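[1] curious how this folds, go ahead:
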Amino acid sequence: MCLKLLGASIVLAGTMGTVTAAPKLPADVQAWLDRFEQCEHWAGEEPYDEARGKEIDAAFEKLNCKNISADAEKLEQRYKNNAAVIKAMKDASE
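    Predicted coordinates for the structure are as follows:
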């Protein structure tokens with residue numbers, strides 16, 4: 001079983017009540033994951049009026065969502081030998 005809470009994963013093993021936490025990710029990767037999640041949220045919001053459209057645009061600007069893919073590529077290159085980082089980023093974008 002895997003629970004996702006605020007971008008962090010906790011893996012619960014079914015044997016003897018053992019709880020194993022997912023590996024701790026580098027701070028820049030965790031920040032990207034959090035930002036990616038927020039960009040995905042705002043991308044799904046409906047600009048039902050002008051004020052809402054401005055709110056969505058402001059959130060995209062503040063989060064720098066237009067560069068999320070380029071930032072992912074940089075992190076994937078930096079951590080190309082860290083399987084936990086690559087998996088976490090791949091899982092987030094699926």
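
[2] biggest helix in the chain, by residue count?
    helix 27-43 (DSSP state H).

[3] what is the rounded mean pLDDT of it?
    For helix 27-43, the mean pLDDT works out to 95.

[4] can you list the buried residues in it?
    Within helix 27-43, the residues scored as buried using 16 or more other C-beta atoms under 10 Å are 29, 32, 33, 35, 36, 38, 39, 42. Quick note: C-beta positions are derived from backbone N, CA and C, even for glycine.

[5] now render those as JSON lines, adding distance to residue 94.
    Below are those laid out as JSON lines (distance: C-beta to C-beta, whole Å):
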{"residue": "29", "distance to residue 94": "16"}
{"residue": "32", "distance to residue 94": "15"}
{"residue": "33", "distance to residue 94": "13"}
{"residue": "35", "distance to residue 94": "17"}
{"residue": "36", "distance to residue 94": "11"}
{"residue": "38", "distance to residue 94": "17"}
{"residue": "39", "distance to residue 94": "15"}
{"residue": "42", "distance to residue 94": "19"}
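
[6] am I right that residue 47 is in a helix?
    No - checked against DSSP: H, G, I helix; E, B strand; the rest coil, residue 47 lies outside a helix; its state is coil.

[7] need the contact list for it.
    Neighbouring residues of residue 47 by C-beta atoms under 8 Å, 6 or more residues apart in numbering: 53, 56.

[8] kindly provide the distance from it to residue 79.
    Between residue 47 and residue 79 the computed distance is 35 Å (C-beta to C-beta, to the nearest Å).

[9] can you give me the strands in this structure?
    For the chain, applying DSSP state E gives strands covering 2-5, 8-12, 19-21.

[10] residue 46 against residue 52, yeah?
    Yes - counting by C-beta atoms under 8 Å, residue 46 does reach residue 52; the two are 7.3 Å apart.
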